[in-house]
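In: predicted model, plus sequence, below.
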Amino acid sequence: MSQPWDYIAKLVCIGDSDTGKSSLTIRLCEGRFSPSHDVTIGVEFGSRIVPVGPPASLELGIEEFSRDAPGSGGDPSPSESATSGLPSPPRKPESSSPQKRMKLSLWDTAGQETYKSITRSYFRGASGALLVFDISRRSTFISCTQWLQDLRLIAEDGIVVILVGNKTDLAGQQSGSNQRQVTQQEAEEWCRMNNIVRYVETSAKSGDGVERAFLEVAERIYRNIEAGKYDLNDRRSGVKGFGASGGGNAGVPKTITLGMDDAMRKGSGWSGGCC
């Protein structure tokens with residue numbers, strides 16, 4: 001039997017309370033949306049196995065980007081666009097490169113001030129982060145600056161971060177009235193100013209953009225692995241290879257795990273449909 005995954009990576013979802021972090025995690029891991037969800041106390045956990053690298057990344061469109069971005073973790077320089085491409089690993093003949101799989105260990109953190117001392121401890125050892133705000137509440141967007149500062153203070157250098165504007169279902173025709181308070185242009189400009197590699201808009205309710213957001217992080221982590229930026233035997237890197245010392249699942253609770261059937265179309269390529 002082949003190994004279930006090639007790499008495991010720790011991701012954290014951070015941002016203010018009620019921005020939809022838990023709903024995004026549930027949508028990715030269980031494929032459903034719950035209109036009511038208890039407030040997260042401390043952290044909640046889920047996991048999902050996703051394809052990384054070709055051929056799946058070809059359908060994701062990531063292989064179209066060709067140049068490595070300067071800075072640690074694949075982050076672009078402040079002058080680069082927030083929608084700039086991913087660094088490209090050395091290309092290999094597709095016939096000799098079986099599809100790689102990455103298990104995302106997802107830590108959904110509480111957004112309330114009360115739990116900050118707890119949730120911030122989970123920033124350590126994370127290789128990726130989704131910084132989430134609610135596009136219908138400007139205050140949650142303003143808070144992103146402090147969340148990012150805290151993350152970069154505690155997490156390892158080179159952590160892959162993308163900005164996620166959630167609840168697009170509240171904007172435009174979907175909601176019947178446009179409740180958007182933060183424009184895409186504002187969010188992308190914030191990314192440029194804060195050296196964030198990508199801005200993605202999502203709706204946990206409809207599922208739009210959700211898988212894309214997580215795959216953006218996973219693919220960048222994979223590119224960093226290919227570039228040799230992680231010590232896969234060092235727990236602080238937030239990434240492990242299958243069978244690495246210390247065990248890829250060490251210290252990780254066994255909860256929800258979806259298989260590759262949800263991420264692959266008949267064993268090849270990414271099924272898409274998220275955005």
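Out: Structure's in. What do you need?

In: can you list the buried residues in stretch 14-25?
Out: 14-25 (16 or more other CB atoms under 10 Å). Placement of C-beta: from N, CA and C, glycine included.

In: list just the nearest of these to I142.
Out: Distance to I142, by CB to CB, is smallest for D16 among these, at 9.3 Å.

In: checking my notes, that closest one in a strand, right?
Out: No: assessed with DSSP: H, G, I helix; E, B strand; the rest coil, D16 is coil; it does not lie in a strand.

In: helices of the stretch 151-275 of the chain, start to end?
Out: Using DSSP state H, counting those that start in this stretch, the helices found in the stretch 151-275 of the chain span residues 184-194, 210-226.

In: relative to G238, which of those is closest?
Out: helix 210-226 (8.2 Å).

In: please save the CA atoms from the closest one in PDB.
Out: Extracted in PDB, the C-alpha atoms of helix 210-226 (Å, rounded to 0.1, in the frame of the first residue of the first chain):
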ATOM      1  CA  VAL A 210     -12.400  28.000   0.200                       C
ATOM      2  CA  GLU A 211     -10.400  25.200  -1.300                       C
ATOM      3  CA  ARG A 212      -8.400  27.700  -3.400                       C
ATOM      4  CA  ALA A 213      -7.400  29.600  -0.300                       C
ATOM      5  CA  PHE A 214      -6.000  26.500   1.500                       C
ATOM      6  CA  LEU A 215      -4.400  25.200  -1.700                       C
ATOM      7  CA  GLU A 216      -2.600  28.600  -2.200                       C
ATOM      8  CA  VAL A 217      -0.900  28.000   1.200                       C
ATOM      9  CA  ALA A 218      -0.200  24.300   0.600                       C
ATOM     10  CA  GLU A 219       1.300  24.900  -2.800                       C
ATOM     11  CA  ARG A 220       3.600  27.600  -1.500                       C
ATOM     12  CA  ILE A 221       4.800  25.400   1.300                       C
ATOM     13  CA  TYR A 222       5.400  22.600  -1.200                       C
ATOM     14  CA  ARG A 223       7.500  25.000  -3.300                       C
ATOM     15  CA  ASN A 224       9.600  25.900  -0.200                       C
ATOM     16  CA  ILE A 225      10.100  22.200   0.500                       C
ATOM     17  CA  GLU A 226      11.300  21.700  -3.100                       C
END
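
In: give me the below-cutoff pLDDT ranges for this protein.
Out: The model of the chain has pLDDT under 70 over residues 1-2, 35-43, 60-96, 110-119, 173-176, 244-275.

In: cutoff 90 now
Out: Applying pLDDT under 90 to the chain flags residues 1-4, 17-18, 22, 25-47, 54-98, 108-125, 156-157, 171-178, 230-275.

In: which residues in it form strands?
Out: Listed in chain order, the strands of the chain (DSSP state E) span 7-14, 43-52, 100-109, 128-134, 160-166, 199-201, 239-241, 257-258.

In: I'd like those as CSV, with distance to L232 appended.
Out: Formatted as CSV, the strands of the chain follow (distance: least, CB to CB, whole Å):
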stretch, distance to L232
strand 7-14, 8
strand 43-52, 14
strand 100-109, 12
strand 128-134, 15
strand 160-166, 16
strand 199-201, 27
strand 239-241, 4
strand 257-258, 21
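
In: ok, now which ones touch P4?
Out: Taking CB atoms under 8 Å, 6 or more residues apart in numbering, we find P4 in contact with 49, 101, 103, 242, 259.

In: I should have written L106 there, sorry.
Out: Taking CB under 8 Å, 6+ apart as the criterion, L106 is in contact with 11-13, 25, 28-29, 45-48, 214.

In: which one of these is nearest D157?
Out: The closest of the contacts of L106 to D157 turns out to be V12 (CB to CB; 15.6 Å).

In: check the gap between the closest one and K205 for me.
Out: 22 Å (CB to CB, to the nearest Å).

In: swap in D18?
Out: Using CB to CB, D18 is found at 14 Å from K205.

In: now the buried residues of stretch 14-25 in a markdown table, with distance to V161?
Out: Formatted as a markdown table, these follow (distance: CB to CB, whole Å):
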| residue | distance to V161 |
| --- | --- |
| I14 | 9 |
| G15 | 12 |
| D16 | 16 |
| S17 | 20 |
| D18 | 21 |
| T19 | 15 |
| G20 | 17 |
| K21 | 14 |
| S22 | 19 |
| S23 | 20 |
| L24 | 15 |
| T25 | 17 |
